[in-house]
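[1] just need the structure, nothing else, for what follows:
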Amino acid sequence: MVDDTWSSALHRLWQAASRAEEVAALADDVYAPLLATPGVHLVVGTRWDEQHVLRYMRALSAGSDAPVIVATTRSMPGAAVREPGGEPVVTRSAVAGLDDAVWPEAEFLRQAPGATVVACTFRLDHRGWATLGVAVDDSADLASVERRLAQAVDVIVACHTGILQRGREARRGADDALLAEASLQMDSSLDVEDTLRRVARIAVPAVADGCLVHLLRGEGPEFVAATHVAVQQQRALEEAGRDDPWLAALLARRGEDEDTLFLSGAALNGSPFADTSAATSANAPGARGIGGAEDTRAPGKPRDPESAGDTGSAESSPTPTVVSISPLRARGRVVGSITFVYQRPEARLPDSAFLRSLATRAALAIDNALLYELRRNAVLSLQEHLLPSQLPVTDQWDLSASYEVGDPMLDVGGDFYDAVPRPDGSIALLIGDVCGRGAEAAALTGLARHTLRTLLEEGTDPGTALSRLNRALRQERASRFLTAVVTTLTPRADGTARLTTCSAGHPAPLVLRNDGTVSEVLSGGLLLGVLDDVSYGSHEEQLAPGDTLVLFTDGLTESREAGGVFFEAVLPGRLAALRGFDATHIAESLARQAKVFRASGQDDIALLVARWTGITPDAGPLPHHLHLEQAALR
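    Sure, this is the predicted structure:
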């Protein structure tokens, strides 16, 4: 009957172990069945750390309803003789012969009627060990007691192992989720400064209490971002990252092949993170009045997260500050470093593998942002060289242009424009668009703009200029076509201007009249670079003082809102609303409106705007009615 009772108790113990979140929760299911064993008068358990410090003791005697629990941090070097190796060790000892320096349980065992203690000493993990013992009298079956102790210990060890395993799995899951979220957040921006700020913000407080990011420049590490969970320490942390000589010297000594470095205790002496009992000012990054103890781990070894399995500890000693420094390594080179500051229990410190993975992701995001910035600057520089540095300044024409890059990848586009004064006093405006993007498009853009500019400066009429450009493209065997429109604006003595337009498959220019009406300039013609022999006809009309000519590329008209409507449909109305404004405002406003309007469409937007003032060169005073019109426009 006794064996059946113990078997049932052992079954209940296994069930409790499968649900337990900490070993201490098994105490009732362990102690009571052991006390029910014939001849057993007392059950006592202890928990020790790797330094032979007693952390916890629990004793329950027969006939008592409540256990006696002693939570302590008593150092007992003599207990080293009891520390087990690999497998649990069962011993028998006479209570009368126990040494108090080795057996803290003796104070309870001597009060029990039993004359013998049967104890099982076992390891829970590499950070500590435990004992489970019973006081028995002469009536006890010692072999049966030893067997039951060993079986109970097997369940305790299995429970603790399961708790650690579930903790590791939960931690890995949390770490994986954090790394995935960190990647999404850091990769969501290609702006260098924003990416660096995201790196620092993501790490706090999920990974550490403080974070510093440095980039490696030609002159050495350069502070770029910092954040701290405590607002009052944010500024001090930034100052440490920017100006502290200890940190600067440490970062400068770090080699490219080094892994994450952990520092604590004496290794932080002289640093802004040092723990001192007097460091209570909230203005110091490591100052919390915590009086940190020196870390006894081997250099570079992180604290083991498995220590989370410790239960029942009453340790209330201050948590020392720990600092880790990880290189930001991407594509075979170090781009900087990330420094974490921890002021939390050792069970919550990340390990080297996690920090290495986080640093790698951060480094790639930073490197991508840096490469994007370099490419962006190169593209903008090339784009600037494909466009005129400035437009002519004349009394007759108010000229302005706008160029908006539409491709988020920032590949150089093929839109171009120019304004060219001509020998006869007229001015030629040209705008065009090469099919596609990239280096080849840029080459054709330069060829087209400079060819047209040279011909028009020499006085070549627009139709002939387009034909000769087409011939040049065919001779170069260009694989891309392009569209273009050329207009010449010739002032007349009566205050009007003659507008002559030739188009090669390009969107028709618009004219905003002084009275607010908008009309389309008739034009047509075949694309450039398609056929060998092509001629281009011209269309003429006139501009009155205050009229504005607007040339643009299809990036403007093909901007599309979410409902599918193209900007082309609303362009005349938007242009009419700009009546009375100067050329600069019209060009910038239309480009801005198109960018806000579009939900899709990534093409560049180029605009060239010319407003006729009505002032004629060397023509004497204007007729009275035209003079009044210009005065009204001003």
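[2] got the domain boundaries for this protein?
    Described in terms of automatic domain parsing, the domain architecture of the chain consists of the residue ranges 2-166, 188-303+319-376, 387-633.
[3] could you give the separation of the helix or strand harbouring residue 365 from the chain centroid?
    Residue 365 is located in helix 352-386, with elements delineated by DSSP states H and E. From the chain centre to the centre of helix 352-386 is a distance of 12 Å (CA atoms, centre = their mean, to the nearest Å).
[4] now that helix: buried residues?
    The neighbour-count check on helix 352-386 (16 or more other CB atoms under 10 Å) flags 352, 354-370, 372, 379, 383, 386 as buried. Glycine gets a C-beta too; all of them are placed from N, C-alpha and C.
[5] now do stretch 74-85
    Within stretch 74-85, the residues scored as buried using 16+ other CB under 10 Å are 76, 79, 82.
[6] measure the first one to residue 249 for me?
    Using CB to CB, to the nearest Å, we find residue 76 at a distance of 43 Å from residue 249.
[7] same question, the last one
    With distances defined as CB to CB, the gap from residue 82 to residue 249 amounts to 47 Å.
[8] same question, the second one
    Using CB to CB, residue 79 is found at 44 Å from residue 249.
[9] what stretches of the stretch 301-450 of the chain score poorly on pLDDT?
    The model of the stretch 301-450 of the chain has pLDDT under 70 over residues 301-318, 379-380, 383-384, 407-411.
[10] hang on, the earlier thing: and the domains of the chain, which one averages the lowest pLDDT?
    Set side by side, these show their lowest mean pLDDT on domain 188-303+319-376, which sits at a mean of 75.
[11] quick one: it to chain centroid distance?
    Computed by CA atoms, centre = their mean, the chain-centroid distance of domain 188-303+319-376 equals 15 Å.
[12] please apply the same query to stretch 567-586.
    Using CA atoms, centre = their mean, the offset of stretch 567-586 from its chain centre is 40 Å.
[13] ok, residue 524 - contacts?
    Contact partners of residue 524, counting by CB atoms under 8 Å, 6 or more residues apart in numbering, are 503, 537.
[14] sec struct for it, please.
    Following DSSP: H, G, I helix; E, B strand; the rest coil, the label given to residue 524 is coil.
[15] just read off the phi/psi values of it.
    When quoted as degrees, to the nearest 10, the phi and psi of residue 524 stand at phi -170, psi 180.
[16] how far away is it from residue 534?
    Taking CB to CB, one finds residue 524 at 12 Å from residue 534.
[17] picking up where we left off before, tabulate the buried residues of stretch 74-85 (TSV), appending secondary structure and distance to residue 482.
    Compiled in TSV, those are given as follows (DSSP: H, G, I helix; E, B strand; the rest coil; distance: CB to CB, whole Å):
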residue	secondary structure	distance to residue 482
76	coil	89
79	helix	88
82	helix	89
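[18] list just the nearest of these to residue 54.
    Distance from residue 54 was checked for each of the buried residues of stretch 74-85 by CB to CB. The minimum falls on residue 76, at 5.6 Å.
[19] pretty sure the closest one contacts residue 105?
    No: because the distance of 11.3 Å does not satisfy CB atoms under 8 Å, residue 76 is recorded as not touching residue 105.
[20] just checking, next helix/strand downstream of the helix holding residue 365?
    On the C-terminal side of helix 352-386, the nearest following helix or strand under DSSP H and E is strand 397-404.
[21] so which elements touch that next one?
    strand 415-421, helix 583-597, strand 605-612 (3 or more CB pairs under 8 Å, 6 or more residues apart in numbering; DSSP states H and E).
[22] can you list the residues that contact the first one?
    Applying CB under 8 Å, 6+ apart, the contact partners of strand 415-421 are 386-388, 391-392, 394, 399, 401, 403, 427-434, 445, 448-449, 452-453, 456-457, 551, 553, 555, 604-608, 610.
[23] recalculate using a threshold of 6 Å.
    Defining contact as CB atoms under 6 Å, 6 or more residues apart in numbering, one finds that strand 415-421 is touched by 386, 388, 391-392, 399, 401, 427-433, 445, 449, 453, 456-457, 553, 604, 606, 608.
[24] try the second one
    Residues from elsewhere that reach helix 583-597 (CB under 6 Å, 6+ apart): 398-402, 404, 556, 559, 561, 567, 574, 578, 605, 607, 609, 611.
[25] which of these lies closest to residue 40?
    Taking CB to CB as the measure, residue 561 is the one of the contacts of helix 583-597 closest to residue 40, at 83.2 Å.
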